[in-house]
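*Asks:* Model the following, please.
(3 chains)
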Amino acid sequence: MINRKTAFIKRFIQDFYLVLMVVFLYAPIATMTVLSFNNSKSRTQWGGFTTKWYTELFSSSTIMDALYTTLLIAFVSSLIAVIIGTAAAIAINSMKPFPRSLLMGITNIPMLNADIVTGISLMLAFIAFGISLGFKTILIAHITFNIPYVILSVMPKLKQTDKSTYEAAMDLGATSVSAFFKVVFPDILPGVLSGFLLAFTMSLDDFIITHFTKGAGINTLSTLIYSEVRRGIKPSMYALSTIIFLTVLVLLLITNFAPKRKK
Amino acid sequence: MNKKLLSGPYLMWMIGFILIPLALIVFYGLTDKSGAFTLSNVLSISTEEHAKALWLSLGLSLLSTVLCLLLAYPLAMILRTRGMGQGSFIVFIFILPMWMNFLLRTLAWQTLLEKNGVINGILSTLHLPNQGLINTPGAIILGMVYNFLPFMVLPIYNVLMKIDDNVVNAARDLGANSLQVLIRILLPLSIPGIVSGITMVFVPALTTFVISNILGGSKILLIGNVIEQEFTKGSNWNLGSGLSLVLMIFILISMALIAKYDKNGEGTVL
Amino acid sequence: MKKRIQMVLAIGALALLSTSLLSGCGKSQAKAGSNGEVYVYNWGEYIDESVIEEFEKETGIKVVYDLFETNEEMYPVIEAGGVKYDAVCPSDYMIQKMAQNNLLAEINFDNIPNYKEIDPKYFEMSKSFDPENKYSIPYSWGTVGILYNTKMVAKEDIPTKWSDLWDEKFKDNILMQDSVRDAFMVALKSLGYSMNTTNEQEIKEAKELLIKQKPLVQAYVIDQVRDKMIGGEAAVGVIYSGEMLYIQNEVKDLGLDYSLEYVIPEEGTNLWLDSWVIPANAPNKENAEKWINFLCRPDIAKKNFDYITYPTPNKGAFDLLDPELKNNKALFPDDSMLKNSEVYKYLGEQSDSLYNEAWKEVKSN
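*Replies:* Numbering: from 1, shown residues only, chains lettered A, B, ... in the order given. Have a look, this model is predicted:
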């Protein structure tokens, strides 16, 4: 029997560990936020408080262009990946074991390959196909590495859905399409959404694959930062990252603390 | 509707953008600059520098993976037993750091770890000795663990959440203590998640080059650095491709592992 | 609950998208200017952005501006021809390599009359890699030297030679350049060899010297050396002269209790030039010439100098500078300080491989 004291100590250790982890995860983010208000460009010397990097951020067309491109690519590539990926997951789910393992194996390739290899191989392929590098090649590249994440998020949900409900709907006269959308789709929706979210996140963060497939005159935030790393990051970048982070945080909080609907 | 048709778009995509690029890498890896067949690119893994880089990378990434596992498993368990909030909130807390750019996060660690950085600043005020982690393999491991921890936590948490509380309760009723519950019940049931987490951490850790440059002072040559240099500075795409092929062997081994332990594809990221 | 998450996610996504679209409205669309476009490929942070806008306004030519980090990264891009640039700004030896591989077009100097604003002595220097001055017009130049922290380095230990970077006193306090030729330049010069040597034995000696130094080196960095030195992370570092003005200003602004001084080592150093070239496959050659001509205008060159603070070869711009800046010896050294200094040459594929292999060995140890 666990007595009150050990239960208390246990709880305390657990809390301590949780806090430690959160501090570990968010320390760099806090650092970046602080640096976004640093009057000096230096990373380690504090030069006084300022908000000038935030104003400079919005007047820099390079950064704004890159932000626009980044968000657009992330959104569109995730959307298309979700469509192709969900369809593929449904199809693969109903295949016999051998084709299924084969396709799942190939699906894993972009996820497991070093992204520098994926990036270069895609660039080689684009040059070989005669496709000129630009926005569309970035989009294609992002869709390519997003699809596996979608498939891997949807598959488990597909397995969990009850086939009999789908068949029952068909028996009751629904067409296969409407049966799908009314019965199967709502069940796998969590998987689809998490696939979308994951794809969006991976797309935002990628720089190596984008770097090799982007061509001239176009930048995502990541490639812009990558080109600035050695020279010294413009603090407006820290400001931008802080803004993005806060936006997502706010969304998160709304989600979590929104009034609950009765089930 | 024929379900097989649904896979059509994906199949075409796969062939065009996964298989053909792969074939190109194989082509470059097995030929030299003039296009003649050669195994020298692949075999060059055995040269002293390359072999050393590979072993170093394997060592560091294995260490990082183990550390991630050791940190993530208790974390996932605590999250599970405390029944923390709605599942999606936890997921978000761990994905949220990933929304700050990977390069910036790694640079931030440089700011934290430097001799005159933030951590030492705090330590000095507390009259504690300073740490000297920056520019050492230790910093690289820290960077890897930091960046890839979410990928280990999420699948393990996912799989732990699926374990019915009643199973644990039944075990306790039968007299099992916490340790036995962990070893006999939780661990075996969470293997798909562990395997998934390991693969999602080990492979990117194996091929990283940014972390070793920013946090390792560019003093440690990892296999990812070698490949990156051959492609961008040495202009030797054949060698870079050859070495990439060797790396892919390790990837294939990981894939075989997944297939073996996780037949049902239960261990996924989300 | 799930429905609410869906809803918020959807709203959030739409919000993000619409914000970006709104910001996109204000951004410059990638459509051609009324007089065409020009594709420029340059180093990061190597131009005052308002110069680009001024050029576009004055000429009606739209500028597509791309960045590269190293010469070695730029070369395969130009070579592959997947993206065609009109004006590129490589360094000395890379220009030679590009010319030898037929990647450059000869410049029609009649279309770039402002070239006369460049001090002729830089065209003389350029002959080292562009023997007939056919392909390049200097944009910036400088030296490589040792930067030291006056608080961390005792007066008697102030470095004056490259070989001082092997001093045990500086253990874990040395920042070296993470670039094969710059690192080897330091080692070769300290041994008294030419930094353009193709002699295998000399390269081997330099390599071994670098390996010997490695335990003393804190890190191999490129431009981060500036940030780290300002932060007091290291006592000595190898740095490009162009960073000095920025450093001197920062140290003043931050009110630090140490200063950072620049030394050109006695054994001589690398005298480098970054010059504009026009690739052979440039689609908008005329616009490229207009671009380069614009940059050679003294007022524009001065504007760029004010922003990037790298020494300018433009005499017209130099004359417009404050006397204080003209006398800044770190930026504009006397000719006497430059004896024993060389300009990089392209060494050919075989020697390049030799150097690269040797560098790999250094890094791997």
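
*Asks:* Could you list the low-pLDDT ranges of the stretch 1-150 of chain B?
*Replies:* For the stretch 1-150 of chain B, applying pLDDT under 70 flags the ranges B:1-4, B:83-91.

*Asks:* Residue of it closest to chain C, please.
*Replies:* Chain C sits closest to B:Glu49 of the stretch 1-150 of chain B, with a gap of 4.0 Å, by Cβ to the nearest Cβ. Yep, even glycine has a C-beta here, placed from its N, CA and C like the rest.

*Asks:* shouldn't that residue be in contact with B:Val226?
*Replies:* Yes. Using Cβ atoms under 8 Å, B:Glu49 is in contact with B:Val226, at 7.4 Å.

*Asks:* can you list residues touching both of the two?
*Replies:* Contact with both B:Glu49 and B:Val226 is made by residues C:Lys360, according to Cβ atoms under 8 Å, 6 or more residues apart in numbering or on different chains.

*Asks:* Looking at these two, which is more packed in?
*Replies:* Between B:Glu49 and B:Val226, B:Val226 has the larger neighbour count (other Cβ atoms under 10 Å in any protein chain shown), namely 26 against 18.

*Asks:* element containing that one?
*Replies:* Using DSSP states H and E, the element containing B:Val226 is helix B:223-232.

*Asks:* Could you do A:Tyr149 as well?
*Replies:* Going by DSSP H and E, A:Tyr149 is part of helix A:135-160.

*Asks:* Give me the contact list for the next helix or strand after that helix.
*Replies:* Downstream of helix A:135-160, the next assigned helix or strand under DSSP H and E is helix A:163-171. If you take Cβ under 8 Å, 6+ apart as the criterion, helix A:163-171 is touched by A:176, A:179-180, A:182-184.

*Asks:* now the strand or helix carrying C:Gly142: how far from the chain's centre is it?
*Replies:* For C:Gly142, the host element (DSSP H and E) is strand C:137-149. Put simply, strand C:137-149 sits 9 Å off its chain's centre (Cα atoms, centre = their mean, to the nearest Å).

*Asks:* so what strands line up beside it?
*Replies:* strand C:236-240 (antiparallel), strand C:260-263 (antiparallel), strand C:271-276 (antiparallel) (DSSP bridges).

*Asks:* what would these look like in a markdown table with mean pLDDT and mean neighbour count?
*Replies:* Shown next, in a markdown table, are the strands paired with strand C:137-149 (pLDDT from 0 to 100; neighbours: other Cβ atoms under 10 Å in any protein chain shown):
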| stretch | mean pLDDT | mean neighbour count |
| --- | --- | --- |
| strand C:236-240 | 93 | 25 |
| strand C:260-263 | 92 | 20 |
| strand C:271-276 | 94 | 24 |
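
*Asks:* Can you name the residue of the stretch 201-350 of chain C nearest chain A?
*Replies:* C:Gly231 (3.8 Å).

*Asks:* show me where pLDDT drops low in the stretch 151-263 of chain A?
*Replies:* Using pLDDT under 70, the stretch 151-263 of chain A drops low at A:162, A:230-231, A:255-263.
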